[in-house]
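Trainee: Structure here, sequence nowhere to be found:
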């Protein structure tokens, strides 16, 4: 077998072109990895010294696989000295060698994410700023962006145009000093220093050019400016650079990737040879043509004749569902049908734009006893911010839950540190009382400082306020209201605004409110709902009982649930993409930004091309946000898919079994018209009362009514049997 056997003409051209700049535009499923490894092997087989080949990629896994495949083709003894590495590993190695030229210690340490955050926190304080107003994670994000543009602190300060940038420049200056004082590098420094060497030091650049005569960069569409400078500097002398990628799969702008690097490659290298790998070996015809039709709407799209020689297969199916619960059930049933047809669970995946979507999907798969895993992420109820919120709620239900109390007593930071907790613990042990009791009586702990007593007092007052609200002092409070109140009053939500992944984490907390609103508790015979304490106890119990993962069938594996971003590079026989709605996919923040909207379209394209045989796309007409049901608009992307390759069925007629189903003949619209705030109504058991609150919850329309004899009660309108008495009174605000 020769290294060109079995290749298409385009693949052969990419493999056998050795000299000069080469751009390989590789569509999804086009055999990119095979082309890359065959090209390296072909260079070696043609007499190129393996030690003169440098291949750069983005993950250790990709680098390892690339090396292993080349060794399988030629043998390990032949490929010795060949360097296949990630950008960061390559730069770390070179900085040890060229430390003097770079002006760094050869024995530098590399700070991981946690180290960087600790240093940034110290830098904020040393700069005379508050970590509340200048969250370390937010400041680090700006510093990282500056470093990727090769700006040191002085250059960033010189370009600062407003108060915010000037304050961050102060932090950046101190953060940079801390790195120097500790002989340390962060991840961005590794790239920045090597980029400066290649750009500014002719001796270093010439040495690199003699060392590596053939440069290959994989996933070039994901490179940032620093990586562009590194790749360009490595090839400046001999210009033997091959970059492989696909502009249509550039989906990481938010972490610094610059699509212009690949789009402008021919401008930087006018004599570059361009090879288009458009044949898809992965997906059936309808999937390929549907995805190609969608992405062709991007201005940044580089035309590739995307095609496949496989059969057309099943048409892409788009389903409109009444709400997210029916959407999840629709996906579950679609997968069950595929399983009955012989597809193993491990060959199925559900993709979504927003991580919080996994909660409803996880519930649906769990109820159906289908093994599933949340890939490259954490199951919804195991996410840190969700567990923190649940700990607060456990504490409200059980003030003696010491595990919950210790978890959140200083989350977010409120001045109750380890010393205070140790003194409380010692006092509780010495006096034979519970830890929680000692906390609620800080004045009785003589070893506490006045500052600690005040902080503990404020915490206790906050918890007591929730307890009073739960016991009914706030008219019409239900479980979703209580959860929302805890998230707000505790500071959990506000503390995440500028944190790392803050937007996703806040969306997870909002989804927790929706989960509380989704709670299915049958009303009593009179239509009244259980009080909030009973609702909370039932809900926390249900979460605890379902948190263990289902056993995985070793033969069939598990369905994979994952974000669209995490799915890049993977493929499955059966794929479902949930949430094709404006504001979700495309995301709300991209709607008014043409470049961001194009990236969202590319993200959808990436998701579609993960499917080999079967692609289902879904949307919900109603989706619950923070416990309130809102109407949605279908994604513009669906209208951009060629009609010949997608089937848009009618909306589901059923509201599914996951909802608390009202009587079949119940008319929601009529109920909404019939009852208004301030109306007087009569109940078969409670008598006369006045409506103080109306809420549309997933379980149905609820009304909080202040009855003359029984006081406030919250009822499900569908079950309550309410009769209007006097609707001519003026509406009152709740």
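Mentor: Received the coordinates, thanks. Bear in mind the structure is a predicted one, so any value in this text is a computation, not a measurement. Numbering: from 1, shown residues only.
Trainee: and residue 701, what element?
Mentor: Using DSSP states H and E, residue 701 sits in strand 700-707.
Trainee: list the buried ones in that strand?
Mentor: Going by neighbour count (16 or more other Cβ atoms under 10 Å), the buried part of strand 700-707 is 700, 701, 702, 703, 704, 705, 707. For the C-beta atoms, the positions are set from N, CA and C on the backbone; glycine is no exception.
Trainee: Redo the residues you listed as CSV? Include distance to residue 218 and pLDDT.
Mentor: Formatted as CSV, the buried residues of strand 700-707 follow (distance: Cβ to Cβ, whole Å; pLDDT from 0 to 100):
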residue, distance to residue 218, pLDDT
700, 53, 70
701, 55, 77
702, 55, 80
703, 60, 83
704, 60, 84
705, 65, 85
707, 70, 84
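Trainee: could you redo the residues you listed as CSV and give each row distance to residue 490?
Mentor: CSV is the format used below for the buried residues of strand 700-707 (distance: Cβ to Cβ, whole Å):
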residue, distance to residue 490
700, 29
701, 30
702, 25
703, 29
704, 25
705, 30
707, 33
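Trainee: Show the average pLDDT along the helix or strand containing residue 541.
Mentor: Assigned by DSSP H and E, residue 541 belongs to helix 532-546. Averaging pLDDT along helix 532-546 gives 76.
Trainee: quick one: contacts of it?
Mentor: Counting contacts by Cβ atoms under 8 Å, 6 or more residues apart in numbering, the residues outside helix 532-546 that touch it are 363, 366, 381, 390, 393-394, 396-397, 470-472, 477-479, 482, 515-516, 519, 521, 529-530.
Trainee: out of the residues you listed, which are inside helices?
Mentor: When DSSP state H defines the helices, the subset of the contacts of helix 532-546 inside them is 363, 366, 390, 393, 394, 396, 397, 479, 482, 515, 516.
Trainee: Just among the residues you listed, which is most surrounded?
Mentor: residue 479 (28 neighbours; other Cβ atoms under 10 Å).
Trainee: Tell me, what's the model's pLDDT at it?
Mentor: 88.
Trainee: now residue 50: how far from residue 85?
Mentor: Applying Cβ to Cβ, to the nearest Å, the value for residue 50 to residue 85 is 14 Å.
Trainee: where's the helix holding residue 541 relative to the chain centroid, distance-wise?
Mentor: 27 Å (Cα atoms, centre = their mean, to the nearest Å).
Trainee: Now that helix: buried residues?
Mentor: For helix 532-546, a neighbour-count test (16+ other Cβ under 10 Å) marks 532, 533, 535, 536, 539, 540, 543 as buried.
Trainee: Kindly report the same for stretch 5-14.
Mentor: Neighbour counts over stretch 5-14 (16+ other Cβ under 10 Å) mark 7, 8, 10, 11, 12, 13, 14 as buried.
Trainee: what's the answer for stretch 435-451, then?
Mentor: Buried positions in stretch 435-451, judged by neighbour count with 16+ other Cβ under 10 Å: 435, 436, 438, 439, 440, 441, 442, 445, 448.
Trainee: Can you tell me the closest non-neighbouring residue to the fifth one?
Mentor: It stands for residue 440. residue 460 (5.3 Å; Cβ to Cβ, 6 or more residues apart in numbering).
Trainee: who's in contact with the helix or strand hosting that neighbour?
Mentor: According to DSSP H and E, residue 460 maps onto helix 450-468. The contact list for helix 450-468 (Cβ under 8 Å, 6+ apart) reads 395-396, 399, 409, 414-416, 420, 423-424, 439-440, 442-443, 445, 448, 482, 485-486, 489-490.
Trainee: what's the angle from it to helix 532-546?
Mentor: If you take axes from the mean of the first three to the mean of the last three Cα atoms, to 10 degrees, helix 450-468 sits at 100 degrees to helix 532-546.
Trainee: Now do the buried residues in helix 450-468.
Mentor: Buried residues in helix 450-468 (16+ other Cβ under 10 Å): 452, 453, 455, 456, 459, 460, 463, 466.
Trainee: Over to stretch 158-177?
Mentor: Using 16+ other Cβ under 10 Å as the test for burial, stretch 158-177 gives 160, 167, 168, 169, 170, 171, 172, 173, 174, 175, 176.
Trainee: picking up where we left off before, and the angle from the helix or strand that comes right after the strand holding residue 701 to strand 700-707?
Mentor: Once strand 700-707 ends, the next helix or strand along the chain (criterion: DSSP H and E) is strand 711-716. Between strand 711-716 and strand 700-707, the angle comes out at 160 degrees (the same axes, to 10 degrees).
Trainee: Check which element follows strand 711-716 along the chain.
Mentor: Following strand 711-716 toward the C-terminus (DSSP H and E): helix 717-720.
Trainee: what is the mean pLDDT for that following helix?
Mentor: Here the average pLDDT along helix 717-720 is 77.
Trainee: Can you name every helix or strand that that helix contacts?
Mentor: With contacts defined as 3 or more Cβ pairs under 8 Å, 6 or more residues apart in numbering; DSSP states H and E, helix 717-720 has these neighbours: strand 700-707.
Trainee: Show me what the strand it packs on is packed against.
Mentor: Packing partners of strand 700-707 (3+ Cβ pairs under 8 Å, 6+ apart): helix 668-674, strand 680-683, strand 687-697, strand 711-716, helix 717-720.
Trainee: let's see it at 6 Å
Mentor: Secondary-structure packing of strand 700-707 (3 or more Cβ pairs under 6 Å, 6 or more residues apart in numbering; DSSP states H and E): strand 687-697, strand 711-716, helix 717-720.
Trainee: can those go into CSV with extra columns for distance to residue 71 and mean neighbour count?
Mentor: Converted to CSV, these look like this (distance: least, Cβ to Cβ, whole Å; neighbours: other Cβ atoms under 10 Å):
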stretch, distance to residue 71, mean neighbour count
strand 687-697, 60, 19
strand 711-716, 66, 20
helix 717-720, 67, 22
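Trainee: Residue 229: which of these is closest?
Mentor: strand 687-697 (54.8 Å; Cβ to Cβ).
Trainee: in its sheet, what does the closest one sit against?
Mentor: Strand 687-697 sits in its sheet next to strand 680-683 (antiparallel), strand 700-707 (antiparallel), going by DSSP bridges.
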